[in-house]
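Chemist: Just a sequence and a predicted model for now, questions to come.
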Amino acid sequence: MSLDLETQLRQYTDHIVERVDTDATIGHHLAPIARPERRLPVRGVLVALGSAIAVLLVALPLLISGSDETVTPRDGVTSTTLSGVVPTPMPDIGSWEWHRIDGTDENVPGGQMFTVDNRLMVVDDVCPASPEEGADCPPPSYWWESPDGLTWNREPLPEDLAGYVLSPIRAHDGAWLLGTDASGQQAIFFHLGDGWTRVDLTEPLSAWPLVATRGTTVLVVTDDRLVVSDDLGVNWEPVDVPWLGEASAVVSTSEGFVAYVLSNDRIEIWFSEGGRSWELVDSPAPLGGAGVQWLIVAGRPDSHVVAGAETTDTTPHWVSDDGLSWSRIEELEGVFDSPDVYLADFGFVMMGFAASRGSPDDLMLVMVSEDGSAWDDVSDPRVSFGPDESPLTLAPSVAADRVFVALSRDNGARTLWIGGFDLERGN
Amino acid sequence: MVRVVGTHEAFTEFVGEIERPLSYAPASAYGPDVGREATADALLHAWRNWERVSGMENPVGYLFRVGQSKARRYFQRRIVLPPVVPDELPQVEPALPRALASLSMMQRVAVVLIHGQGYGAHEAAALMGVARGTARKHAERGMAKLRKELGVDR
């Protein structure tokens, strides 16, 4: 190659951005309310937005509550705490083990993984790693459910389910998925095992919603909308969103709900006892620092943990007893790139890519902590992906006291890693 | 620094001005597929909160962070950078996507903005929402790693 590295970078990044067809994406999000007959260029969308905004202002209060097919409550509705997690003491770290399960598409799913009520759920891969130029990602076709990662049941998803808005939700009678149809005009509350029900929307959902559950109250936050159910999803009520920024995380605590909002230059913390009336908490730093690129929060009634990428290669994280006042603790220096934090029976699990990637095998790092203040690395060097191999999708999740990492490669090979304390005895 | 106020004409102008730089960051951070969704979501967020966003000192930096927040909710837990097709990019090293993917996210974004697109450290820092020295440090480390990975010295 005769070109210098910077010129190569310029040519290559130009090539990348040409593929970022924002026009089509925005057009897809807005087409149902603007001009559904064709794809809209950005400027056309913006003009359409101007005319659509008046419609939206009128229609927004009808969101969700305009259900034309409601869910029938069942007997045995039970209260639940956040993710149903009951804290138990963390066992000796030396007893941590990993098991690897290789399989086919039929018994080891490798798509996006969720946990609802300690059941493991996996939805089909949405996009191939190297889609043809201009090709849309197909919607997911199946979901799998497993109590332990070893045995799986596969069921079809609604044919018109769109792939890009899908979230697990704990509803009145168990696990549900919240999605939309391909037009974005219908919300689909998909009850696992019993089919699905639909709720007409007056505005497309355009982002993955945040969901938090406290007792029988369920809070769903999506973009600039907020809906609350007091009966585990039977009835929904729209609530005026009090904040102006982007809600980055929502958790429930022993006192109520806490929302973390990306403001101009800091993280705002909002509190609500029941999800309807919110107040801005005058919380001092550390969460208020500029340069917080993103925020993830996992919490249970007696302890919380936050991780956020700041301005260096470190991964600062904080702990809190109530979700409102935070203390910054030791940094996991140079460890993670884009980690996520999960709740487990024994405490917290943090998973993400190793920040020092570039080694022959990139590594999925897994760390565990009882209270968020000290972390143990339980990564297995075999849970990795080599750049020379076919690209893969990582789908981490946690259920009860087990950590699951599903890997699916483009060549169809699928692997599931199960980690936990003393697995042999536990199984 | 982009500062605009007004109605949808101003917003259109704003988008025309920032769409491309706003696209570079999430596309290089997460790949074009997730980057596309994140950029679109960030622009929609800007429209819905236009009055507030238009008054910000650094609206692009804020929208970059919004895009990051959105991107983290999408399905893919991988960085998929498109391969170098020799017919399209005959003078680009085929190993470049892999080398880029091996950088940390912030290094990748800084390298693409500063060395790939010729942004000044100040502009890149504003977009990334970090200090200028931090953006420069990410870019330097990223370039050093790229050169090592690709076995080049310039």
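Modeler: Alright, I've got the coordinates.
Chemist: Show me how chain B divides into domains.
Modeler: Domain segmentation of chain B under automatic domain parsing yields B:1-80, B:82-154.
Chemist: most packed of the ones you listed?
Modeler: Burial of those is given as mean neighbour count (mean count of other C-beta atoms under 10 Å in any protein chain shown); domain B:1-80 ranks first at a mean of 22. The C-beta positions use only the backbone N, C-alpha and C, and glycine is treated the same way.
Chemist: tell me which residues of stretch A:367-381 are tucked away?
Modeler: Of all the residues in stretch A:367-381, those buried under the rule 16 or more other C-beta atoms under 10 Å in any protein chain shown are A:M367, A:V368, A:S369, A:E370, A:D371, A:G372, A:W375, A:V378, A:S379, A:D380.
Chemist: mind putting the domains of chain B in TSV, mean pLDDT included?
Modeler: TSV is the format used below for those (pLDDT from 0 to 100):
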stretch	mean pLDDT
domain B:1-80	74
domain B:82-154	84
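Chemist: Just send those back as CSV, with distance to A:P209 too.
Modeler: Putting the domains of chain B into CSV (distance: least, C-beta to C-beta, whole Å) gives the following:
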stretch, distance to A:P209
domain B:1-80, 8
domain B:82-154, 24
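Chemist: Of those domains, which is nearest A:G347?
Modeler: For A:G347, the closest of those is domain B:1-80, at 22.1 Å, according to C-beta to C-beta.
Chemist: From the chain's centroid, how far away is that closest one?
Modeler: When distances are taken as C-alpha atoms, centre = their mean, to the nearest Å, domain B:1-80 is centred 10 Å away from the chain's centroid.
Chemist: Which parts of stretch A:268-285 count as buried, going by neighbours?
Modeler: Across stretch A:268-285, burial judged by 16+ other C-beta under 10 Å covers A:E268, A:I269, A:W270, A:F271, A:S272, A:G275, A:W278, A:S283.
Chemist: scratch that, stretch A:146-160 is what I was asking about
Modeler: Quick answer for stretch A:146-160 (16+ other C-beta under 10 Å): A:S146, A:D148, A:G149, A:W152, A:R154, A:L157, A:P158.
Chemist: isn't A:F271 right next to A:V258, touching?
Modeler: Yes. With contact defined as C-beta atoms under 8 Å, A:F271 counts as touching A:V258 (5.5 Å).
Chemist: Between those two, which contacts overlap?
Modeler: Shared contacts of A:F271 and A:V258, defined by C-beta atoms under 8 Å, 6 or more residues apart in numbering or on different chains, comprise A:V281, A:G323, A:L324.
Chemist: Now the first one. Nearest residue, chain neighbours left out?
Modeler: Computed as C-beta to C-beta, 6 or more residues apart in numbering or on different chains, the closest residue to A:V281 that is not its neighbour in sequence is A:I269, at 4.3 Å.
Chemist: residues in contact with the residue positioned nearest the centre of chain B?
Modeler: Among the residues of chain B, B:A25 comes closest to the average C-alpha position under C-alpha atoms, centre = their mean, at 0.7 Å. Residues in contact with B:A25, defined by C-beta under 8 Å, 6+ apart, are B:F64, B:G67, B:V109, B:V112, B:L113, B:L127, B:M128.
Chemist: Please narrow those residues to those residing in helices.
Modeler: Under the assignment DSSP state H, the contacts of B:A25 contribute B:F64, B:G67, B:V109, B:L127, B:M128 to helices.
Chemist: which of those come close to chain A?
Modeler: B:M128 (C-beta under 8 Å from any C-beta of the partner chain).
Chemist: Looking at the ones in helices among the contacts of B:A25, which is nearest A:V211?
Modeler: B:G67 (21.1 Å).
Chemist: distance of the closest one from B:A131?
Modeler: From B:G67 over to B:A131 the distance is 20 Å, taken as C-beta to C-beta, to the nearest Å.
Chemist: that older thread, any idea how far A:A374 is from the residue nearest to the centre of chain B?
Modeler: Distance from B:A25 to A:A374, by C-beta to C-beta: 34 Å.
Chemist: Switch the contacts of B:A25 over to TSV; also include distance to A:P89.
Modeler: Output for these, formatted as TSV (distance: C-beta to C-beta, whole Å):
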residue	distance to A:P89
B:F64	42
B:G67	40
B:V109	41
B:V112	46
B:L113	47
B:L127	46
B:M128	41
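Chemist: Pick the one among these closest to A:R328.
Modeler: B:M128 (21.6 Å).
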